[in-house]
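Sequence below, structure please.
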Amino acid sequence: MIRVHDVKLYPGQGIKTLKRLVLGRLAVDEEDVRNFRIVRQSVDARDKDDIRLVTTAEFETDAALERELLALGRRKDGAAYYRGLRLSRVEKEAAVYAPPEAGAERLKGRPVVVGFGPAGMFAALVLAEAGYRPLVLERGKKIDERVRDVEAFWAGGPLDPESNVQFGEGGAGTFSDGKLTTGTHDPRIAKVLDEFASASGLDELRYKSKPHIGTDKLRVVVTEIRRKIESLGGEIRFGWKVTGWQEKNAGNRRIEALYATETSTGRTAAVETSAAVFALGHSARDTIRAFRAAGLAMEPKPFSMGVRAEHLQSTVDLAQYGRPAKELNLEPADYKLAVKVNGRGVYTFCMCPGGTVVAASSSEGTVVTNGMSDHDRGGTNANSAVLVDVRPSDYLPKDANGESVPADSPLFDPLAGVAFQEKYERLAFEKGGRGYAAPAERLADFLAGKSAEAVARESASPSGTAPSPAPTYARGTVWTDVSECLPGFVADALREAFPLFGRRVRGFDRPDTVLTAVESRSSSPVRIPRGEDGLARAASVNTPDPHPETPLPGPAPLAPLDGFYPAGEGAGYAGGIVSAAVDGIRQAEAIIRRFARP
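Sure, this is the predicted structure:
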């Protein structure tokens, strides 16, 4: 197979133009080429007067022509350079993902997947494709019912703690921009992108450097993947919340069944299984607390906290492209920024071009923000989370010397980060007037440290005649001092970072930038330790020391909780749709390698 690297196209030119250009330069007839496709494409906007699409393509041809093409202008790096094209030979990639070979151990019941966000969805899909007929238990509702509940809440209705932006079919990612980027390079990523592309009909997801689906398309995607799982023998039960598990005995901790409650009726049931993927998501706090009380090992981890920042999309386009994106036949511009101030990282996350800030609360009496955009990214505003690193030392209890208590202290609480998040989400609810409106503030007032009273008087009407972004948070905003619902170190770091970001993206620190608080759910503050076998660990173990005269340093090793396979963001092993999906696949593979098919 021949790969043609880094061909520059003008915005708006597609695969037909690319194919004509490549074959014309190579003097190859179209009938001699098979399966011409784009494998990678990115926007090069470094020269705003000459923005290009940098595109890499592949095609197949017969062996003799392949050798002839690669002989043209060969260089020492093994590539061929001919008439401005760089050519190389690549092996034809496997077309279909293949799960590992099945193990031999007898599986009690069916494998169960708890949660139907990206991690749970792909764990269930791989198990179903391998013939394991998984059962999925999801506390929320199907996508259509879930959308109705969420939109009713955004319109001013009550919050449903079991059906909201966090809980339900597709997980939290369903109400997002649907970015399919990740910093990892796991080969399972191709499987994830292929499934999303097939379910959405968007082939571009396979090759764009920054692929995204959009929340409107995601609703179709999750439905299609669910139907595929069901067609392969899997079953999804919505409105069932797992509350605990039954173990074989205390000496050999092994799951025999899960306890689940039907949220609409309160009916309980025991589901027999010896293998369950727990893909809870980062917001199932009640479940995490119940599992901790049942003896599941957990440890605190870093996370982030901050605000949603809104600019006019035209401001971002001008900064990145020099002109409106539509004039250039380009998608609305985005950005990704990071700096370190006062020893802490500050960065943008989940940037939503042409999007809105959404109410993402999942428990009563809290305000949580997130960002969302449709596939066309056609909204007036751009928004992103601007987040500050939060470390365990910021929220763990302190000893008499002001140091974080060690893990063996009776004061140690691995869920202290959850309580830390909840504290500021409740403060945001109070500052927003206790009706799920969100606290908001113009950047100029935030940087000046104005009081809540001054902000309320002045922020709603920014000075100047240029267009200014209006808040898009549907439940309404209350102009106030947003620093009052942020940790002090977070507010301080944000004030240092915004002017620095403004040097990189012109207009990012415009005085009329809207800040909406609080953004607290970018990742879980808890990790569930697991071994190389994928199994979680129990919270404690009483192992007699065979050599008491020479005690081993440190705590005793944690024993596995057999049958408990934690996965995804809620378990602390992912940070987005793709990485969560990959981790779900990884845990499904651990079950397949161990157990025989039912």
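
I figured Q313 hits D334, correct?
No - counting by C-beta atoms under 8 Å, D334 is not a contact partner of Q313; they are 9.9 Å apart. Yep, even glycine has a C-beta here, placed from its N, CA and C like the rest.

got any residues that touch both of those two?
353, 382 (C-beta atoms under 8 Å, 6 or more residues apart in numbering).

Which stretches in the stretch 1-150 of the chain count as helices?
According to DSSP state H, counting those that start in this stretch, the stretch 1-150 of the chain carries its helices in the segments 15-26, 63-70, 118-129, 143-154.

list the helices and strands the first one packs on?
Counting by 3 or more C-beta pairs under 8 Å, 6 or more residues apart in numbering; DSSP states H and E, the packing neighbours recorded for helix 15-26 are strand 2-9, strand 34-44, strand 52-60, strand 85-89.

Also the last one?
Identification of packing neighbours for helix 143-154 by 3+ C-beta pairs under 8 Å, 6+ apart yields helix 215-231, strand 356-359.

Quick check: which of these is nearest to C350?
When the helices and strands packed on helix 143-154 are compared by C-beta to C-beta, strand 356-359 sits nearest C350, at 10.8 Å.

one step back: indicate which one of the helices and strands packed on helix 143-154 is closest to G173.
helix 215-231 (7.0 Å).

would you put the C-alpha positions of the closest one in CSV?
Provided in CSV are the C-alpha atoms of helix 215-231 (Å, rounded to 0.1, in the frame of the first residue of the first chain):
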residue,chain,number,x,y,z
THR,A,215,-24.3,16.3,20.9
ASP,A,216,-27.0,16.1,18.2
LYS,A,217,-25.1,13.3,16.4
LEU,A,218,-24.1,11.6,19.6
ARG,A,219,-27.8,10.9,20.4
VAL,A,220,-28.0,8.9,17.2
VAL,A,221,-24.7,7.2,17.8
VAL,A,222,-25.4,5.8,21.3
THR,A,223,-28.8,4.5,20.1
GLU,A,224,-27.1,2.7,17.1
ILE,A,225,-24.4,1.1,19.3
ARG,A,226,-27.1,0.0,21.9
ARG,A,227,-29.0,-1.7,19.1
LYS,A,228,-25.9,-3.4,17.8
ILE,A,229,-25.2,-4.8,21.3
GLU,A,230,-28.8,-6.0,21.6
SER,A,231,-28.6,-7.6,18.1
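
what's it in contact with?
116, 121, 124-125, 128, 134, 136, 143, 147, 169-170, 173-178, 195-196, 198-200, 202, 213, 236, 372-375.

Quick check: the closest residue to P99 other than its chain neighbours vs K241, distance?
Among residues not flanking P99 along the chain, A130 sits closest, at 4.5 Å (C-beta to C-beta, 6 or more residues apart in numbering). Distance, A130 to K241, by C-beta to C-beta, to the nearest Å: 27 Å.

which strands and helices sit next to the helix or strand encompassing L193?
Here L193, judged by DSSP states H and E, is contained in helix 189-200. The helices and strands touching helix 189-200, judged by 3+ C-beta pairs under 8 Å, 6+ apart, are helix 118-129, helix 215-231, helix 577-594.

which of those is buried the deepest?
Comparing the helices and strands packed on helix 189-200 by mean neighbour count (mean count of other C-beta atoms under 10 Å), helix 118-129 comes out on top with a mean of 30.

tell me what that helix is packed against?
Using 3+ C-beta pairs under 8 Å, 6+ apart, helix 118-129 sits against strand 112-114, strand 135-138, helix 189-200, helix 215-231, strand 276-278, helix 577-594.

Would you mind writing the CA trace of it as CSV?
Included here for helix 118-129 are C-alpha records, laid out as CSV according to Å, rounded to 0.1, in the frame of the first residue of the first chain:
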residue,chain,number,x,y,z
PRO,A,118,-18.4,5.4,26.8
ALA,A,119,-16.5,2.9,29.0
GLY,A,120,-19.6,0.8,29.7
MET,A,121,-20.9,1.0,26.2
PHE,A,122,-17.6,-0.2,24.6
ALA,A,123,-17.1,-2.9,27.3
ALA,A,124,-20.6,-4.2,26.5
LEU,A,125,-20.0,-4.0,22.7
VAL,A,126,-16.8,-6.0,22.8
LEU,A,127,-18.3,-8.6,25.1
ALA,A,128,-21.3,-8.9,22.8
GLU,A,129,-19.1,-9.2,19.7
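
now the strands for the stretch 351-500 of the chain?
Secondary structure of the stretch 351-500 of the chain (DSSP state E, counting those that start in this stretch): strands at 356-359, 369-372, 381-390, 438-442, 477-479.

residues in contact with the last one?
Strand 477-479 is touched from outside by 431-433, 437-442, 455-456, 459-460, 471, 516, with contacts defined as C-beta under 8 Å, 6+ apart.

So which of these sits lowest on pLDDT?
Least confident by pLDDT among these: that is A460, with 60.

hmm, back to that, to V582, which of the helices and strands packed on helix 15-26 lies closest?
strand 34-44 (19.1 Å).

got the angle for that closest one vs strand 2-9?
Relative orientation of strand 34-44 and strand 2-9, computed by axes from the mean of the first three to the mean of the last three C-alpha atoms, to 10 degrees: 40 degrees.

Quick one: mean pLDDT over strand 34-44.
pLDDT averaged over strand 34-44 gives 95.

and it, what other elements does it pack with?
By 3+ C-beta pairs under 8 Å, 6+ apart, strand 34-44 packs against helix 15-26, strand 52-60.

now that strand, how far from the chain's geometric center?
25 Å (C-alpha atoms, centre = their mean, to the nearest Å).

same thing with stretch 288-305?
19 Å.

do stretch 560-572 as well
On C-alpha atoms, centre = their mean, the centre of stretch 560-572 falls 17 Å from the chain's centre.

Endpoint to endpoint, it covers what distance?
This stretch, stretch 560-572, spans 17 Å end to end (C-alpha to C-alpha, to the nearest Å).

so where's this protein uncertain?
93-95, 249-251, 459-466, 540-557 (pLDDT under 70).

okay, now the domains of it?
2-89, 112-298+528-542+556-594, 303-519 (automatic domain parsing).

For those domains, give me JSON lines that also has distance to E105.
Formatted as JSON lines, these follow (distance: least, C-beta to C-beta, whole Å):
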{"stretch": "domain 2-89", "distance to E105": "40"}
{"stretch": "domain 112-298+528-542+556-594", "distance to E105": "6"}
{"stretch": "domain 303-519", "distance to E105": "31"}
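
Just list the residues touching K19, thanks.
30, 33, 36, 57.

about what we covered before: out of the strands of the stretch 351-500 of the chain, which comes closest to E247?
Short answer: strand 381-390, nearest of the strands of the stretch 351-500 of the chain by C-beta to C-beta, at 34.2 Å.

so what does the closest one touch, helix or strand wise?
Using 3+ C-beta pairs under 8 Å, 6+ apart, strand 381-390 sits against strand 303-312, helix 313-321, strand 344-352, strand 356-359, strand 369-372, helix 488-504, strand 514-519.

Redo those as a markdown table? Include distance to R267 and mean neighbour count.
Shown next, in a markdown table, are those (distance: least, C-beta to C-beta, whole Å; neighbours: other C-beta atoms under 10 Å):
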| stretch | distance to R267 | mean neighbour count |
| --- | --- | --- |
| strand 303-312 | 35 | 27 |
| helix 313-321 | 48 | 21 |
| strand 344-352 | 37 | 22 |
| strand 356-359 | 30 | 24 |
| strand 369-372 | 32 | 26 |
| helix 488-504 | 43 | 18 |
| strand 514-519 | 36 | 28 |
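
and of those, who's closest to L159?
Of those, nearest to L159 by C-beta to C-beta is strand 356-359, at 8.5 Å.

who touches the closest one?
153-154, 165, 175, 308, 310, 367-373, 379, 381, 383, 436, 438, 471-475, 516.

List the strands paired with that strand, with their directions.
Strand pairing for strand 356-359, using DSSP bridges, gives strand 369-372 (antiparallel).
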